[in-house]
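Trainee: From the sequence below, what's the structure:
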Amino acid sequence: MKNTSKKIPLSKDAQQMIRGLIFGELLTIVIIGGLWLWLRPRLWVNNGTFYSSGQDTNTASTSATSTFQTVTDVPIGAFKYGGSTTWAPIRQLVDSYIQNTRPELQLQYVDPPNGSPGSGAGIKMLLDGKLDFAESSRPLTAEEYAIAKQRGFTLEQREIATDGIAVAVNQALNLPGLTVEQLQQIYSGQITNWKQVDGPDLAIIPLSQQPENADTVLFDKPLKQTLGSNVQYVYSTTEALRRVSKTPGAVYYGSARGVVPQCTVKALPLGRVSTQLISPYREPLIPSNQCPQKRNQVNTEVLKNGSYPIKSKLFVIVKQNNGREEKVGEAYTRLLLSDQGKKAIAQAGFIP
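Mentor: Next up is the predicted model:
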């Protein structure tokens with residue numbers, strides 16, 4: 001029996017409509033497939049949370065990581081800051097990152113008009129209204145708090161990082177190390193010859209920044225009352241290390257980050273007792289004839305675990321006056337304490 005049904009031809013309009021529908025479906029499939037192929041190697045899903053494939057599975061999501069870009073209330077404009085020379089590596093590395101990420105915040109480091117740069121000089125300039133905030137590698141003193149109060153505002157110190165204090169001596173000095181007490185006695189004038197601490201018969205020439213500008217302190221009491229009359233003052237750490245390299249009996253104390261990698265001097269092991277001397281550098285010691293191809297590095301582990309006897313804290317000094325100075329000081333602090341800021345501080349050689 002023959003099938004007598006006839007095929008009804010489609011109109012041209014109907015044919016065009018069907019072709020359009022088919023083409024649209026194919027285009028949709030291509031787009032969805034392409035997006036999936038692009039996203040699949042970059043994202044993976046775990047309980048509804050997306051993570052970058054470049055992150056470790058134990059790392060928090062990108063949205064939970066604070067960066068310079070996510071810090072809020074960053075003021076717009078040009079601001080002046082100054083202070084501790086210990087902060088120099090942070091200013092060179094971390095602040096450059098900040099400037100690239102937050103160009104609306106323009107930071108200008110200002111040297112003191114008179115005297116050498118340092119924590120004390122920066123705090124004084126902040127008190128005098130010449131800076132918007134200051135950087136310090138020592139805590140504020142009672143006198144500085146009092147001056148601020150007299151002038152109608154307060155100062156706050158925001159702790160940012162930890163550094164060690166290293167003792168630099170001439171490369172030719174044969175000495176196993178010093179205790180903290182011996183170092184203090186050298187700078188108070190009680191010990192004046194290296195033979196008094198099992199070294200050679202050689203006069204000690206202690207070098208220091210001016211007490212009011214010093215970045216680091218060895219005594220709980222004000223330095224003005226404790227430094228011996230034999231202490232010779234230098235403008236900066238750079239000048240001090242140059243003199244130590246040329247003077248067999250010279251000694252200087254300063255930031256471990258600034259002393260340990262130097263080629264022309266050596267950093268002494270220090271201890272609370274003479275039987276437990278701790279090196280501020282990673283063992284083994286790299287001899288000077290291999291420097292600068294290789295440089296000694298700060299031993300951050302002994303700073304973290306507390307076995308190294310002398311450390312200093314790095315602070316942002318903020319002027320609490322409900323003005324632009326307070327706003328930028330607090331914003332700068334938040335930038336440094338962000339996850340990105342802490343990572344950059346560690347790259348600069350400090351413990352965030």
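
Trainee: residue boundaries of the strands in this protein?
Mentor: Assigned by DSSP state E, the chain shows strands spanning 43-46, 49-52, 77-83, 105-109, 133-136, 154-170, 178-179, 205-209, 232-234, 250-255, 265-267, 270-271, 311-320.

Trainee: Compare these and say which comes out lowest on pLDDT.
Mentor: Mean pLDDT per stretch puts strand 49-52 lowest among the strands of the chain, at a mean of 27.

Trainee: Low-confidence ranges, the stretch 101-250 of the chain, go.
Mentor: Within the stretch 101-250 of the chain, the segments meeting pLDDT under 70 span 213-215, 217-225.

Trainee: Now for Ala256, how many residues are close by?
Mentor: Burial measure for Ala256: 29 neighbouring residues, criterion other C-beta atoms under 10 Å. In this view, the C-beta of every residue, glycine as well, is placed from N, C-alpha and C.

Trainee: Now that it has come up, it's in contact with Thr162, right?
Mentor: No: counting by C-beta atoms under 8 Å, Thr162 is not a contact partner of Ala256; they are 10.1 Å apart.

Trainee: shared neighbours, these two?
Mentor: By C-beta atoms under 8 Å, 6 or more residues apart in numbering, Ala256 and Thr162 have these common neighbours: Leu303.

Trainee: Let me see the contact set for the closest residue to Phe350 other than its chain neighbours.
Mentor: What sits nearest to Phe350 in space, not counting adjacent residues and going by C-beta to C-beta, 6 or more residues apart in numbering, is Ala161, at 4.1 Å. By C-beta under 8 Å, 6+ apart, the contact list for Ala161 reads Ile90, Lys313, Leu314, Ile345, Phe350, Ile351, Pro352.

Trainee: which of those count as buried?
Mentor: Buried by 16 or more other C-beta atoms under 10 Å: Ile90, Leu314, Ile345, Phe350, Ile351, Pro352, out of the contacts of Ala161.

Trainee: Relative to Trp87, how far out is the closest residue to Tyr145 other than its chain neighbours?
Mentor: Residue nearest to Tyr145 in three dimensions, not counting chain neighbours: Leu155, with 6.2 Å by C-beta to C-beta, 6+ apart. As judged by C-beta to C-beta, to the nearest Å, Leu155 and Trp87 stand 17 Å apart.

Trainee: Have a look at those two and say which one is more surrounded.
Mentor: Neighbour totals were compared for Leu155 and Trp87, and Trp87 leads with 32 against 21 (other C-beta under 10 Å).

Trainee: The more buried one contacts Phe133, correct?
Mentor: No: counting by C-beta under 8 Å, Trp87 stays clear of Phe133, with 11.7 Å between them.

Trainee: Can you tell me what sits against stretch 96-113?
Mentor: 67-69, 71, 74-82, 91, 95, 117, 121-122, 124-125, 130-131, 213, 328, 331-332, 335, 340, 344.

Trainee: Would you mind checking those residues for buried ones?
Mentor: By neighbour count, with 16+ other C-beta under 10 Å, those hold 68, 71, 74, 79-82, 91, 95, 117, 121-122, 124-125, 131, 213, 328, 331-332, 335, 340, 344 as buried.

Trainee: Report the beta-bridge partners for Thr154.
Mentor: Gln320 (DSSP bridges).

Trainee: residues contacting it?
Mentor: Counting by C-beta under 8 Å, 6+ apart, Thr154 touches Tyr145, Ala148, Gln320.

Trainee: can you put the residues you listed in JSON lines and add distance to Gln190?
Mentor: What follows is the contacts of Thr154, written out as JSON lines (distance: C-beta to C-beta, whole Å):
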{"residue": "Tyr145", "distance to Gln190": "31"}
{"residue": "Ala148", "distance to Gln190": "35"}
{"residue": "Gln320", "distance to Gln190": "41"}
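
Trainee: out of these, who has the most neighbours?
Mentor: Going by other C-beta under 10 Å, Ala148 tops the contacts of Thr154 with 21 neighbours.

Trainee: all helices for the stretch 201-350 of the chain, in order.
Mentor: Here the stretch 201-350 of the chain has its helices, by DSSP state H, counting those that start in this stretch, at 237-246, 256-259, 300-304, 324-337, 339-347.

Trainee: Run through the residues that contact the nearest residue to Tyr253 once chain neighbours are set aside.
Mentor: Distances taken as C-beta to C-beta, 6+ apart put Val167 closest to Tyr253, at 5.0 Å, once the chain neighbours are dropped. Contact analysis of Val167 by C-beta under 8 Å, 6+ apart lists Leu178, Leu183, Val251, Tyr252, Tyr253, Val259, Ala267, Leu268, Leu270.

Trainee: Likewise for Thr216?
Mentor: Contacts of Thr216 by C-beta under 8 Å, 6+ apart are Thr86, Ser137, Arg138, Ile165, Tyr253, Gly254, Ser255, Ser312.
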